[in-house]
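Enquirer: Structure for this input, please:
(one chain, ligands or ions: 3)
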Amino acid sequence: MATRCVEVALPVPLFRTFTYTVPDGIATPIPVGTRVLVPFRARREIGVCLGEAEPPEGVVLKPLLAVLDQVPALPAALLETGRWIAEWYAAPVGLVMRSMLPAALTTPRTTPSAAKQRRVVILVKELPSLLEREQTFARAKQQRVVYDLLEAQGGKSLLETLRQQADCSAGVITAMAKRGLVEVRDEVLERDPFADRAGVAPPPQPSADQQAVIAEILAGAPGQTFLLHGITGSGKTLVYIEVLRAVLAKPGRTAIVLVPEIALTSQTVDRFRGAFGDDVAVLHSGLSDGERHDAWQALRRGDRRIAVGARSALFAPLERVGVVIVDEEHESSYKQSETPRYHAREAAIVRARAEGAVVVLGSATPSLESWERAERGQSIQLTLPARAGGAQLPSVQVVDMRDIMREALAARAPNAPFDATMGILSPVLSAAIESRLVRGEQSLLLLNRRGYAAYMQCHACGDVQACPHCSISLTYHRVPEALVCHYCQHQAPVPTICAQCGSDALRRRGLGTQQVERLVAERFPDARIARMDVDTTSGKWAHTAILDRVGRGEIDILLGTQMIAKGLDFPNVTLVGVVDADTGLNLPDFRSAERTFQLLSQVAGRAGRGAKGGEVLIQTKMPTHHAVRHALTHDFLSFVHEELGHRRMPTYPPFVSLANVVVSGTEQTATAQAAVAAAHWIQALVTRAALRDIVLVGPAPCPIDRIKDRWRWHLLIKSTRGGAMTRLSRYVAERCPVPKAADLRLVVDRDPVSLL
Ligand code: ADP
Ligand code: ZN
Ligand code: ZN
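Expert: Numbers count the residues shown, from 1 in each chain. Ligands and ions are numbered 1, 2, ... in the order given. Next comes the predicted model:
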C-alpha cells in the first residue's frame with residue numbers, strides 16, 4: 001500500500017508544513033487543496049492538504065482527525081497562487097492558505113451570525129442655512145455637534161457610533177428626538193445591502209475605440225497580461241463588461257473583477273450587476289462571516305460565475321477563470337499591509353497564468369511598475385485616448401496661491417487683521433463654485449487631509465502637540481472637539497495653555513476638511529454640502545449613502561479627501577477644485593510625486609463627464625513641480641518620463657526590486673540595536689553567499705519612528721534580480737535573529753507601497 005501520510009499547511013506563523021498519517025477508513029489520495037482537521041499541540045486546527053508525504057524517519061506522527069471537504073476548498077490554480085504568494089512575499093504558507101479562505105471555513109467552531117437588530121438615528125428636520133442652525137442650537141452646543149455629525153454621514157447613523165463620535169449621553173439624542181430634529185428607531189440589519197441595490201444598465205454600444213480594445217483582449221493568449229491605459233471617462237467599465245460577456249459565453253468559464261474599495265466604487269459595481277445580475281457575487285467588507293461563507297459557497301458551486309470585490313476577491317474559489325480584471329490598478333490599497341503582504345495586482349497575474357486566463361490592468365494613471373512591464377514587453381499596452389460618448393476632458397488651471405497671498409496682503413487696509421481664510425479659497429475658486437450654484441450644477445472639492453486644522457502650535461515656544469504613542473503631530477478636530485492621532489486614534493482634550501512654556505498663544509496651523517467645510521458653509525449659506533472622509537464614513541455604508549445623494553442631485557458641493565477621487569461618474573459635476581495640491585508632495589517616500597500626480601489626475605477626471613463639460617482648478621504653491629505641471633495638461637506620458645528619470649539615481653522601483661525590513665519594539669535603544677544587528681547579519685549573509693546585485697540601505701529610523709508605542713527602524717534591500725531577492729527575503733524572514741526583549745519584531749515587506 002502507498003504511503004498514507006499527507007503534508008498539511010497549518011495557520012501558524014511558522015515557515016514549515018506538517019505531516020500527518022491518514023487513518024483507516026479515509027480514502028487516499030486526499031485531493032490537494034482539501035481542508036483537514038488535525039490535532040496540533042493541545043488543540044485542533046483546520047489545515048489544507050498540500051499532497052502526499054513520505055513519513056519522516058524516527059518521528060511518531062499523529063493521525064489526522066477528519067477530511068472536511070468533498071470538493072477541495074482551494075481549486076488547483078488558487079493553491080498555486082497561494083504557494084507563489086508564500087514564496088514571493090516570504091510568508092508562512094499556512095497563513096497564506098488561511099487568508100484565502102472565509103473565516104467560517106478555517107476556524108474549528110463558528111456559527112454564522114444571524115440578522116441583528118440595531119438602533120439607528122435618522123435626521124428628519126433639515127436646517128439648510130447656517131443662520132437657522134445657529135438659532136436652533138443657540139443653547140444646545142452638544143446637539144449641534146450631533147446634528148452636524150449626523151448630517152455629514154448622510155443623515156443616518158448607528159446610535160452607538162454617533163454617541164461615541166459626539167462623546168455625548170443618550171439624553172442628548174433623546175432631547176433632539178423630542179424637538180423633532182431626529183428620529184430613533186430599530187432596524188433589522190440588512191443582510192447584504194448590495195442584494196437590494198438596483199443594477200445600472202451599461203451603455204448599449206461600445207465605440208470603435210472600445211471595440212478595438214475588446215477585440216485585442218479577446219484575442220489574447222492564455223496567461224497574457226494587458227495594461228489598459230484609458231483616460232478618465234474613456235469607458236473602461238464597458239470594455240470590462242464586454243470582455244466578461246464574451247468570456248462567459250464559453251461554457252464553464254468564470255471571471256474575477258477587482259476594484260480598490262467596494263464602498264467607494266458602488267457605481268462601478270452597480271454597472272456589473274446591471275449587466276450580469278445574479279451571476280455576480282459582490283464580496284465586500286460589510287458581509288458578516290455567514291454571508292461571506294454563503295457567497296463563497298455560491299462561487300464554489302458555480303451558482304455565480306463572477307466575483308467582484310476588493311483585494312481578497314482575488315481568492316474567489318472559482319474554477320476555469322477566463323479573465324481577471326484589476327480596475328484602477330495603480331491603487332495602493334491592492335497591497336495588504338499585514339501578513340501575507342501580497343499585492344493583489346501581482347498575484348492576479350500569477351493566478352491568471354495558472355488558470356490560462358487573460359488579465360486586464362486598467363487605469364488612467366498606470367503605476368510605474370505596470371508601465372515598465374509593458375515597456376519591457378511583458379504585457380501588452382492598450383490605449384483609450386478619448387472620452388466616451390463625445391465628452392471632453394475638462395480644462396485644468398493652476399491657481400498659484402503664492403500670488404493670491406501676495407495680492408491679498410497688498411490689498412489689505414492698514415492695520416486690518418490678517419484673514420487666514422484668504423489662503424484657503426481663492427477668489428477664482430469661490431467664483432467658480434458660485435457660478436455652479438447659480439446654474440444648478442455640482443462641485444467637488446478635494447483636500448487630502450481630514451480634521452479641522454493640521455496641528456496645534458505654541459507661538460511662544462514653537463511646541464507642537466504630538467501623540468504620546470506615535471511620532472506624529474495630533475490633528476485638531478472641531479466636531480467633536482479634540483486632538484486626534486491619525487495613526488492610533490489617541491484622543492486628547494484641546495489645551496488652552498502650552499504644556500511646555502505655559503503661554504496661551506496656541507494657534508491652529510494647517511488645513512483640514514472640517515475647516516474647509518465650515519468656510520464653504522459660511523461663504524455659501526444656501527448650498528447643500530456633504531463631507532466625505534474617514535470621520536464621516538465610519539458606518540459600513542456611509543460612503544455609498546453620500547454618493548447616492550450626490551447622484552440624486554441632493555448635494556451641491558461634495559467635499560472630501562482622496563476618497564472622492566475614485567472612479568465617480570456624475571455627469572452634473574462640472575467643477576473640481578483642489579484646495580491644496582501640495583499636501584502629499586513633501587512626504588519622505590519615493591512615490592510621493594507619483595501619488596500626487598495620480599490623485600490630481602483622478603480627481604480632475606471627475607469633472608465634465610456629461611454634455612455640459614467641466615473645469616478644474618488646482619490651488620498650489622508648487623506650480624512648477626512635475627506632478628502638478630503634467631496633471632494640468634492630462635499628460636501621463638510626460639509625467640512618466642520625468643518621474644522615471646528620478647527613479648534611476650538613487651535607484652528605486654520599477655528599476656529595482658525592493659524589500660523593506662522593519663524592526664520594531666517597545667524600547668527605543670533595544671529597537672535601534674536590534675536593527676543594527678539585523679543589518680550586520682544580513683550584510684554578512686550577502687557577503688558569505690557572494691550575492692551580487694544586492695544593495696543594503698540603512699538601517700535608519702523609519703520616517704514615522706514610533707507608532708502605537710512601538711519604535712520603528714528600517715533597512716532597505718534593493719536588488720536588480722527578483723530571484724536573489726526572493727531567496728534573501730525568505731532567509732531573512734525565517735532566520736534573522738531578533739533578541740527576545742522589548743517585544744522586538746522583524747517584518748519583511750517585499751514590494752512595499754509605503755516607506756513611512
Ligand atoms: P472610466 O472608468 O474609463 O473613467 P467609465 O467607464 O466610468 O469611464 O465611463 C464614463 C462614462 O461614459 C460613463 O457614464 C459611461 O456610461 C459612458 N460610456 C462609456 N462607453 C460609452 C459608449 N460607448 N457610448 C456612450 N457612453 C459611454
Ligand atoms: Zn509654548
Ligand atoms: Zn498615535
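
Enquirer: Only C-alpha atoms from now on, for both contacts and neighbour counts.
Expert: Will do.

Enquirer: Which helix or which strand is home to the closest residue to ligand 1 within the stretch 501-650 of the chain?
Expert: For the stretch 501-650 of the chain, the nearest residue to ligand 1 under the criterion CA to the nearest ligand atom is D569, separated by 5.5 Å. D569 is part of no helix or strand when elements are defined by DSSP states H and E.

Enquirer: Could you double-check that it sits in contact with R606?
Expert: Yes. Under the contact definition of CA atoms under 8 Å, D569 touches R606, with a separation of 6.4 Å.

Enquirer: Now do the same for S113: its pLDDT.
Expert: Residue-level confidence at S113 comes out at 46, pLDDT.

Enquirer: Could you do the one 10 residues further on as well?
Expert: L123 is assigned 87 on the pLDDT scale.

Enquirer: Kindly state the beta-bridge partners for it.
Expert: In this structure, L123 has beta-bridge partners V182, where bridges are defined by DSSP bridges.

Enquirer: which residues sit in contact with it?
Expert: Under the criterion of CA atoms under 8 Å, 6 or more residues apart in numbering, the contact list for L123 reads 147, 150-151, 155-156, 181-183.

Enquirer: Look at A607 and tell me its secondary structure.
Expert: Under the three-state scheme (DSSP: H, G, I helix; E, B strand; the rest coil), A607 adopts coil.

Enquirer: same deal with A255?
Expert: The three-state label given to A255 by three-state DSSP is strand.

Enquirer: So what touches the longest strand that the chain contains?
Expert: Ranked by residue count and defined by DSSP state E, the top strand of the chain is strand 694-707. Surrounding strand 694-707, the residues in contact under the criterion CA under 8 Å, 6+ apart are 469-472, 487-488, 588, 672, 675-676, 679, 683, 686, 711-720, 724-725, 755-756.

Enquirer: go on, stretch 344-361?
Expert: Outside stretch 344-361, the residues within contact range by CA under 8 Å, 6+ apart are 77-78, 80-81, 84-85, 217, 220-228, 311-312, 314, 319-329, 334-336.

Enquirer: So which of those residues are in strands?
Expert: Among those, DSSP E puts 225-228, 321-327 in strands.

Enquirer: which of the residues you listed sit farthest apart?
Expert: L228 and V321 (19.5 Å; CA to CA).

Enquirer: and the gap between the residue in the stretch 301-450 of the chain positioned nearest to ligand 1 and ligand 3?
Expert: Of all residues in the stretch 301-450 of the chain, G389 sits closest to ligand 1, with a separation of 3.9 Å (CA to the nearest ligand atom). Per CA to the ion, to the nearest Å, G389 is found 48 Å from ligand 3.

Enquirer: out of the contacts of L123, which are buried?
Expert: Burial by neighbour count, 16 or more other CA atoms under 10 Å: within the contacts of L123 this picks out 147, 150-151, 155-156, 181-183.

Enquirer: Return the backbone torsion pair for the residue in the stretch 201-350 of the chain positioned nearest to ligand 2.
Expert: Using CA to the ion, the point where the stretch 201-350 of the chain gets nearest to ligand 2 is S337, with a distance of 37.2 Å. Main-chain torsions, S337, degrees, to the nearest 10: phi -90, psi 0.

Enquirer: same thing with the one 10 residues further on?
Expert: Per-residue torsions, A347: phi -70, psi -30 (degrees, to the nearest 10).

Enquirer: ok, now Q457?
Expert: Geometry field for Q457 lists phi and psi as phi -130, psi 140, criterion degrees, to the nearest 10.

Enquirer: can you count the residues close to it?
Expert: Under the neighbour criterion other CA atoms under 10 Å, Q457 is assigned a count of 19.

Enquirer: residues in contact with it?
Expert: Shown in contact with Q457 (CA under 8 Å, 6+ apart): 463-465, 506-509.

Enquirer: Likewise for P480?
Expert: Contacts of P480 by CA under 8 Å, 6+ apart are 145, 165-167.

Enquirer: Give the helix, strand or coil label for the closest residue to Q619 other than its chain neighbours.
Expert: For Q619, ignoring the flanking residues on the chain, the nearest one in space by CA to CA, 6 or more residues apart in numbering is V399 at 4.6 Å. Reduced to three states with three-state DSSP, the structure at V399 is strand.

Enquirer: Which strand or helix spans V428?
Expert: For V428, the element it lies in under DSSP H and E is helix 427-439.

Enquirer: So R119 versus ligand 1, what's the distance?
Expert: Using CA to the nearest ligand atom, to the nearest Å, one obtains 36 Å as the distance from R119 to ligand 1.

Enquirer: in the sheet, who's paired with that residue?
Expert: With DSSP bridges applied, R119 shows beta-bridge pairing to D186.

Enquirer: Got the confidence number for it?
Expert: pLDDT, R119: 84.

Enquirer: same thing with T3?
Expert: The per-residue confidence score, pLDDT, reads 61 for T3.

Enquirer: bridging residues for W713?
Expert: For W713, the beta-bridge partners under DSSP bridges are V663, P701.

Enquirer: tally of neighbours for it?
Expert: With neighbours defined by other CA under 10 Å, the count for W713 comes to 27.

Enquirer: Isn't it up against V663?
Expert: Yes. Contact status for W713 versus V663: in contact at 5.3 Å, counting by CA under 8 Å.

Enquirer: Now for those two: what residues contact both?
Expert: Overlap of the contact sets of W713 and V663 (by CA under 8 Å, 6+ apart) consists of 671, 675.

Enquirer: of D569 and R606, who's got more company?
Expert: Between D569 and R606, counted using other CA under 10 Å, R606 has the larger neighbour count: 30 against 19.

Enquirer: OK, contacts around the more buried one?
Expert: With contact set as CA under 8 Å, 6+ apart, R606 has these partners: 232-233, 565, 567-570, 573, 576.

Enquirer: Make TSV from those residues and add pLDDT and distance to A138 to it.
Expert: What follows is these, written out as TSV (pLDDT from 0 to 100; distance: CA to CA, whole Å):
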residue	pLDDT	distance to A138
T232	92	46
G233	91	46
A565	88	36
G567	77	40
L568	85	38
D569	87	39
F570	91	37
V573	94	35
V576	95	34
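
Enquirer: Just want the residue of the stretch 351-500 of the chain that's nearest ligand 2.
Expert: Using CA to the ion, the point where the stretch 351-500 of the chain gets nearest to ligand 2 is C461, with a distance of 4.0 Å.

Enquirer: on that earlier part again, quick one, grab the pLDDT at the residue of the stretch 201-350 of the chain closest to ligand 2.
Expert: Reading off the per-residue confidence, S337 sits at a pLDDT of 92.

Enquirer: same check, this time on R83
Expert: As summarised for this prediction, R83 has a pLDDT of 96.

Enquirer: got the contact list for the closest residue to it other than its chain neighbours?
Expert: Nearest-residue entry for R83: V93, 6.6 Å, with adjacent residues in sequence omitted and distances by CA to CA, 6+ apart. With contacts taken as CA under 8 Å, 6+ apart, V93 has the following neighbours: 9-10, 15-17, 82-83, 86-87.

Enquirer: let's see 7 Å
Expert: Contact criterion CA atoms under 7 Å, 6 or more residues apart in numbering gives 9, 15, 83, 86 as the residues in contact with V93.

Enquirer: Helices of the stretch 401-550 of the chain, start to end?
Expert: Assigned helices in the stretch 401-550 of the chain, in chain order: 401-411, 427-439, 513-523, 542-551 (criterion: DSSP state H, counting those that start in this stretch).

Enquirer: T21 is nearest to which of these?
Expert: Taking CA to CA as the measure, the helices of the stretch 401-550 of the chain were each checked against T21, and helix 542-551 came out nearest at 50.5 Å.

Enquirer: Tell me the helices and strands packed up against whichever helix or strand comes after the closest one.
Expert: Per DSSP H and E, helix 542-551 leads on to strand 557-560 as the next helix or strand towards the C-terminus. Helices and strands touching strand 557-560, by 3 or more CA pairs under 7 Å, 6 or more residues apart in numbering; DSSP states H and E, are strand 442-446, strand 529-532.

Enquirer: Tell me the secondary structure of the closest residue to ligand 1 within the stretch 51-200 of the chain, please.
Expert: Checking the stretch 51-200 of the chain residue by residue against ligand 1 with CA to the nearest ligand atom singles out V200 as nearest, at 9.3 Å. In the three-state summary, V200 is assigned as coil, counting by three-state DSSP.
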